[in-house]
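Participant: Okay, sequence plus prediction incoming.
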Amino acid sequence: MEDFPLVTGTTDAFEATSLLVTRALPGLVVLDDAGLPLVVLPGSQVLRFLLPDYIAEDPGLAAVLPEADADRLGAGLAGRTVAELLPEEFGPTHQRDRPIVRPDATMMQIASVMSRQRSPIVAVVRDRRVAGVITVHRFLGAVLPQR
Amino acid sequence: MTEPNGVVVAAALVVFVGAYVLIATERVPRVQAALGGAALMFVLGATTGHEAFFSAETGIDWSVVILLFGMMVVVSVVKPTGLFEYLAIWSAKRSRGRPYRLFVLLTLITAGASAFLDNVTTVLLVAPVTLLVCSRIGVRPEPFLVALALASNIGGTATLIGDPPNIIIGSRSGLGFNDFLLNLAPLVVVLVIAFLAVARLVFRKAFVVDPAKVQDVMTLDERKAIADPALLRRVLLVLGLIVTAFVLSDTLHQEPAVIALLGAGLMILVSRSTRDVFLQDVEWETLVFFIGLFVMVGALVNTGVIEWLGRHVVDAVGDHYLLAATVLLFGSAVLSGVIDNIPYVATVAPLVAGLVATSDRPESVALWWALALGADLGGNATAVGASANVVVTGIAARQGTPISFATFTRYGIVVAALTVALSWPYLWLRYFVLG
């Protein structure tokens, strides 16, 4: 388990993305109004927000754009919140499949949550509070056989 | 054919009308409504397995299902080549960012492609690049998206394979690919020109552009849309062969469905596509919808309802074929504006077939063209009149630029009224005056 920055839906999107970049994080744990982890926001989801649907869904169309367009991508975060970066289904009432494990979760349980949700992070919740997180790097490091 | 009793006939009618209402009102997904209706027809004894699966008159029209399937596979292989992205961006650059010129070129690409591909597919292929170009030159994309749907419905009218109602009409009438091409394509050329002329007025607000952004479109590189030029060349060659085979279908003594299926197979071979790719755009739900629909309509034929209706229609029409064509053209247009034109044509086609079969007058063939024109062009009237319309409104909503029902209808009803109104003098002149 490791300490990790936590954000909420109202966190400024630019600040949240800066956290991802400066601390080289695989994603951010987003808390709901009750302070429980709602979802993990991976860097790829930030990109999904920044790209129009028609570019994200058509790599052929992305190819025709000049490279200079990429320099303007980050400007799309201005004035946005973390809630706006999330896919629509992750509203404040979202209940199912949260990226959560209990402190006594086994390695196989942790692996199951991570793989099912394709999440690079799971939060460890004790007494309805986040006690820490487990990253996929830390997890794989623990299960990789020593050479 | 079985001899059903009056209770079965009445029950079959209730099932048919009920399913139709569900399809029209979209209270349940249309495929469920059609399959549910088909299942009830079996339960009622209005049709049997043998009649539904093997009868040419009262069963599933497999040639329609196979033709649709074959063309969906062809589209699945063509789509990833980047051909449409290339053409649209090339057009945008040729237009030098001038909105009306861009509008004309996109309309011509859409209408042209739609004549040979399914309308929904065409819209799905051209819409993303349209959004990109509109964003590039700083114009609102909604009018351009509406125009794509309208152009695809007009273009699709030109050929047997351009629009599903035409496929049904082709199969039920025995009219071939060239019959459609020779009878409908010349009119469609006129309709596209008329559409472009009226669009200048109807969409005038969309053609105001920020001059500072116009040159932005020139920075796009259309050549990069083609990831594998060798693949594109092979695919284009097969596409050419398929179209040639359709044109020569009478000479080759092959049905369009067989040509589509062989073309799909050849397309898979030359592209070396995997199953994931060549089945990607096969709309299984649509194919199953057609199957359910044919079982329901077949049951009505089987129970004698269609024959009874047909007799009354024949009596009512008498020798007044121009009046019948007029009613069919405008009536189909109005109905297709509010309900799905596929079940409409599937139901009306046996009636028209009866009318044409009992006539020795050459102008009776005009009834088929009136049905095709009314059903295809009438679909432009509202946002739910044709599948392509529903698709573009969905795309627009996802992009955060929703097109309301009223907005679509404001544009669509003008274009539908214009194109249907222009079709009438064409029918009158070609089939009743010039003969």
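Facilitator: Alright, I've got the coordinates. Residues are numbered from 1 along each chain as shown, chains lettered A, B, ... in the order given.
Participant: Run the chain-centre distance for the helix or strand hosting residue B:332.
Facilitator: Here residue B:332, judged by DSSP states H and E, is contained in helix B:321-338. Its chain's average C-alpha position is 17 Å from that of helix B:321-338, according to C-alpha atoms, centre = their mean, to the nearest Å.
Participant: what residues does stretch B:24-40 touch?
Facilitator: B:15-16, B:18-19, B:21-23, B:52, B:285-286, B:288-289, B:291-293, B:295-296, B:299, B:338-340, B:343, B:384 (C-beta atoms under 8 Å, 6 or more residues apart in numbering or on different chains). In short, each C-beta sits where N, CA and C put it, glycine included.
Participant: from what I can see residue B:66 touches residue B:259, true?
Facilitator: No - with contact defined as C-beta atoms under 8 Å, residue B:66 does not count as touching residue B:259 (10.3 Å).
Participant: Specify which residue of the two has the higher count of neighbours.
Facilitator: residue B:259 (25 against 18; other C-beta atoms under 10 Å in any protein chain shown).
Participant: Tell me the residues of the stretch 201-350 of chain B that contact chain A?
Facilitator: Taking C-beta under 8 Å from any C-beta of the partner chain as the criterion, the stretch 201-350 of chain B approaches chain A at residues B:219-222, B:224-225, B:227.
Participant: now with 6 Å?
Facilitator: Contacts of the stretch 201-350 of chain B with chain A, taken as C-beta under 6 Å from any C-beta of the partner chain, map to B:219-222, B:224-225.
Participant: Please check those and keep the buried ones.
Facilitator: Burial by neighbour count, 16 or more other C-beta atoms under 10 Å in any protein chain shown: within those this picks out B:220, B:222, B:224-225.
Participant: Any figure for the gap between whatever residue of the stretch 201-350 of chain B ends up closest to chain A and residue B:134?
Facilitator: Relative to chain A, the nearest point of the stretch 201-350 of chain B is residue B:224 (4.1 Å; C-beta to the nearest C-beta). Distance of residue B:224 to residue B:134, given as C-beta to C-beta, to the nearest Å: 20 Å.
Participant: Also residue B:27?
Facilitator: Look at residue B:27 and residue B:134: by C-beta to C-beta, they are 35 Å apart.
Participant: quick one: pLDDT of residue B:4?
Facilitator: At residue B:4, the pLDDT value in this model is 58.
Participant: again with residue A:89
Facilitator: 68.
Participant: ok, back up a step: of residue B:27 and residue B:134, which one has the most company?
Facilitator: A side-by-side neighbour count of residue B:27 and residue B:134, using other C-beta under 10 Å, places residue B:134 first with 25 against 10.
Participant: is it true that the more buried one lies in a strand?
Facilitator: No - per DSSP: H, G, I helix; E, B strand; the rest coil, residue B:134 lies outside any strand segment and is helix.
Participant: Can you tell me what sits against stretch A:67-78?
Facilitator: In this structure, residues lying in contact with stretch A:67-78 by C-beta atoms under 6 Å, 6 or more residues apart in numbering or on different chains are A:13-14, A:17, A:50.
Participant: For the residue nearest the centre of chain A, which residues are in contact?
Facilitator: Centroid check for chain A by C-alpha atoms, centre = their mean gives residue A:41 as the closest residue, at 2.0 Å. Listed by C-beta under 6 Å, 6+ apart, the contact set of residue A:41 reads A:27-28, A:30.
Participant: which one among those gets closest to chain B?
Facilitator: Once C-beta to the nearest C-beta is applied, the member of the contacts of residue A:41 that ends up nearest chain B is residue A:30, at 22.1 Å.
Participant: so the closest one makes contact with residue A:39?
Facilitator: Yes - with contact defined as C-beta atoms under 6 Å, residue A:30 reaches residue A:39; the gap is 5.2 Å.
Participant: Put together JSON lines for the buried ones among the residues of the stretch 201-350 of chain B next to chain A, with distance to residue B:102, pLDDT and secondary structure on each row.
Facilitator: What follows is those, written out as JSON lines (distance: C-beta to C-beta, whole Å; pLDDT from 0 to 100; DSSP: H, G, I helix; E, B strand; the rest coil):
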{"residue": "B:220", "distance to residue B:102": "12", "pLDDT": "88", "secondary structure": "coil"}
{"residue": "B:222", "distance to residue B:102": "14", "pLDDT": "89", "secondary structure": "helix"}
{"residue": "B:224", "distance to residue B:102": "20", "pLDDT": "89", "secondary structure": "helix"}
{"residue": "B:225", "distance to residue B:102": "17", "pLDDT": "89", "secondary structure": "helix"}
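Participant: Give me every residue in chain A lying close to chain B.
Facilitator: A:53-54, A:58, A:60-61, A:63-64, A:66.
Participant: and the residues you listed, which are buried?
Facilitator: A:54, A:58, A:60-61, A:63-64.
Participant: so the nearest residue to residue B:87 once chain neighbours are set aside is in which element?
Facilitator: In space, and not counting its chain neighbours, residue B:87 is closest to residue B:109: 5.4 Å by C-beta to C-beta, 6 or more residues apart in numbering or on different chains. Using DSSP H and E, residue B:109 falls within helix B:99-114.
Participant: Report all helices and strands that that helix contacts.
Facilitator: Helices and strands touching helix B:99-114, by 3 or more C-beta pairs under 6 Å, 6 or more residues apart in numbering or on different chains; DSSP states H and E, are helix B:83-94, helix B:119-137, helix B:142-156.
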